[in-house]
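J.: Sequence plus the predicted model coming up.
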There are 2 protein chains.
Amino acid sequence: MKTIALLIAITLSACLTLPAAEGKEKDKDAKSAGKGKLLHVVSFKFKDTATKEQIKQVEDAFRGLKKKITEIKDYQWGTNVSPEKHDKGFTHGFILTFNSDKDRDAYLVHPDHKEFGKLVGPVLADVFVIDFWTQD
Amino acid sequence: MKTIALLIAITLSACLTLPAAEGKEKDKDAKSAGKGKLLHVVSFKFKDTATKEQIKQVEDAFRGLKKKITEIKDYQWGTNVSPEKHDKGFTHGFILTFNSDKDRDAYLVHPDHKEFGKLVGPVLADVFVIDFWTQD
């Protein structure tokens, strides 16, 4: 019975250790350059003439970039619900996560991103973009 | 030996199933209201007269709100590094995560947030805010 107990203990120990080690590895990756994540924060203000269909087309196309451009590690978006009236007429927010400046730069010049630019350009009244490395 | 193998198999199976179930539970929590997360996305443009010390004071005070206001579930911030020139002179980005509109509203009127407003008001040239529920 001692042998069985020992074998189970070893198996259990291995199971419990593996996920923890995996977590540490991810953490190491994220902080490999002593930095957090690079967030690319984009807001769109549409022209008054932009139709619902055109806006939907932009939303779909932006979302589609996540699948086409592997450098985009995470993609979050939504439409403004702030009651604070500091939105300057911007209605859409998009937050893209990159692992490095290099990946963000690759995204900016990516042919699919350029194509997306051609689609949104004519319907946008204004664009606001800041990128930042998350800090503590 | 068969018994030992069976016991190990059962133990292994339990280890492998538990983390998966935990993951599903988290996912259920996040989507409990059929929604994602409520992101409160804030950008600051400082007055030209704002000193480095004043800016540091604002950064520290904003970060401090995370500890004082329990409704803030996550807090990310950083300074602009976008090469795109769509930043309109804004240099700082802050993304606060809330679980509900109610929590965001509680944050907006919280005495510590009001106090923070008094600190930043005099040094800010402009503020940009949009909130959005993350969508697929």
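T.: All right, it came through fine.
J.: Next, report how far the one helix or strand residue A:57 maps to is displaced from the centre of its chain.
T.: Using DSSP states H and E, residue A:57 falls within helix A:52-68. On the basis of CA atoms, centre = their mean, to the nearest Å, helix A:52-68 is displaced by 15 Å from the centre of the chain it belongs to.
J.: Just name whatever secondary elements it is in contact with.
T.: On a contact count with 3 or more CB pairs under 8 Å, 6 or more residues apart in numbering or on different chains; DSSP states H and E, helix A:52-68 meets strand A:38-46, strand A:74-79, strand A:92-98, helix A:111-120. From N, CA and C alone the C-beta is placed, and that goes for glycine too.
J.: In this structure residue A:43 contacts residue A:90, no?
T.: Yes: counting by CB atoms under 8 Å, residue A:43 touches residue A:90, with 4.2 Å between them.
J.: Would you mind grabbing the residues shared as contacts by the two?
T.: A:128, B:128, B:130 (CB atoms under 8 Å, 6 or more residues apart in numbering or on different chains).
J.: avg pLDDT for stretch A:67-81?
T.: The average of the pLDDT scores along stretch A:67-81 is 97.
J.: Quick check: buried residues in that stretch?
T.: A:69, A:71, A:72, A:75, A:76, A:77, A:78, A:79, A:80 (16 or more other CB atoms under 10 Å in any protein chain shown).
J.: Please tell me the pLDDT value assigned to the nearest residue to residue A:68 once chain neighbours are set aside.
T.: In this structure, residue A:68 finds its nearest non-sequential neighbour in residue A:112, 4.5 Å apart by CB to CB, 6 or more residues apart in numbering or on different chains. We note a pLDDT of 98 for residue A:112 in this prediction.
J.: Look at residue A:112 and say how many residues are nearby.
T.: 14 (other CB atoms under 10 Å in any protein chain shown).
J.: about what we covered before: compare the shared contacts of residue A:43 and residue A:90 and tell me which is most surrounded.
T.: That'd be residue B:130 among those, by other CB under 10 Å, with 25 neighbours.
J.: Who does it form a beta bridge with?
T.: Assessed by DSSP bridges, residue B:130 has beta-bridge partners residue B:41.
J.: Contacts only, for it.
T.: Contact analysis of residue B:130 by CB under 8 Å, 6+ apart lists A:43, A:80, A:82, A:87, A:90, A:93, B:41.
J.: tally of neighbours for residue A:62?
T.: Residues near residue A:62, counting by other CB under 10 Å, number 20.
J.: Which residues are in contact with it?
T.: A:77, A:94, A:116, A:120.
J.: Next one: the closest residue to the third one other than its chain neighbours from chain B, what distance?
T.: Meaning residue A:116. Of all residues not flanking residue A:116 in the chain, residue A:61 sits nearest, at 5.4 Å (CB to CB, 6+ apart). Shown here: residue A:61 relative to chain B, a distance of 15 Å by CB to the nearest CB, to the nearest Å.
J.: again, but for residue A:126
T.: For residue A:126, the distance to chain B - CB to the nearest CB - is 9 Å.
J.: on that earlier part again, CSV for the helices and strands packed on helix A:52-68, including distance to residue B:103?
T.: Shown next, in CSV, are the helices and strands packed on helix A:52-68 (distance: least, CB to CB, whole Å):
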stretch, distance to residue B:103
strand A:38-46, 21
strand A:74-79, 16
strand A:92-98, 18
helix A:111-120, 32
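J.: The closest residue to residue A:57 other than its chain neighbours - how many residues pack around it?
T.: Spatially, and ignoring its direct neighbours in sequence, residue A:57 is nearest to residue A:119 (6.9 Å; CB to CB, 6+ apart). Residues near residue A:119, counting by other CB under 10 Å, number 15.
J.: show me the residues around residue A:119 that make contact.
T.: A:57, A:58, A:61.
J.: same check, this time on residue A:76
T.: A:94, A:95, B:36, B:39, B:134.
J.: gap between it and residue B:36?
T.: The gap separating residue A:76 from residue B:36 is 7 Å, by CB to CB, to the nearest Å.
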